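Colleague: Sharing a model that was predicted from the sequence below.
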Amino acid sequence: MSQQISPGPASLEESAVLEEVLAQTAKELGIGVGEIAEDSVLKQLPGADSVRLLRVVAQIERVYDVEFEDEAIFDVGTPRQLTDLVLAQARAEA
């Protein structure tokens with residue numbers, strides 16, 4: 001009996017998640033990835049508003065097959081914090 005093993009949330013690498021968070025944020029806001037640092041305040045980025053930032057979160061949830069609690073989402077202020085949330089949620093759901 002052969003069992004297929006696919007890379008799951010437990011195999012997530014922090015740097016790759018951060019890169020994805022930065023890329024999704026830049027794409028949604030229409031700015032360059034280079035304009036966003038891991039400690040940038042998301043609400044202060046050019047073009048940022050609550051709807052666009054929630055779209056970023058929704059896309060990240062889809063990419064990593066995780067679901068965040070509303071309270072946790074509203075505590076996120078930087079790409080680093082969103083990355084940490086993804087990693088913590090992935091471990092919790094594993």
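Modeller: Happy to help now that I have it.
Colleague: low-scoring pLDDT stretches of the protein, where are they?
Modeller: Applying pLDDT under 70 to the chain flags residues 1-11.
Colleague: which residues in it form helices?
Modeller: Along the chain, the segments classed as helices by DSSP state H run 14-29, 50-64, 70-75, 79-93.
Colleague: Those: which one's closest to E38?
Modeller: helix 79-93 (4.3 Å; Cβ to Cβ). Backbone N, C-alpha and C define where each C-beta goes, glycine included.
Colleague: mind listing what D75 touches?
Modeller: Q81 (Cβ atoms under 8 Å, 6 or more residues apart in numbering).
Colleague: Relative to L82, how far out is it?
Modeller: Applying Cβ to Cβ, to the nearest Å, the value for D75 to L82 is 10 Å.
Colleague: still on that earlier bit, mind putting the helices of the chain into TSV with distance to D39?
Modeller: Below are the helices of the chain laid out as TSV (distance: least, Cβ to Cβ, whole Å):
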stretch	distance to D39
helix 14-29	11
helix 50-64	16
helix 70-75	15
helix 79-93	6
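Colleague: I36 is nearest to which of those helices?
Modeller: helix 14-29 (5.3 Å).
Colleague: So which bits of that closest one are buried?
Modeller: 17-18, 20-22, 24-26, 28-29 (16 or more other Cβ atoms under 10 Å).
Colleague: got it, and stretch 67-79?
Modeller: Here stretch 67-79 shows 68, 76, 78-79 as buried, counting by 16+ other Cβ under 10 Å.
Colleague: what would the residues you listed look like in a markdown table with distance to V57?
Modeller: Formatted as a markdown table, the buried residues of stretch 67-79 follow (distance: Cβ to Cβ, whole Å):
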| residue | distance to V57 |
| --- | --- |
| F68 | 7 |
| V76 | 8 |
| T78 | 13 |
| P79 | 11 |
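Colleague: nearest to L53, of those?
Modeller: V76 (8.6 Å).
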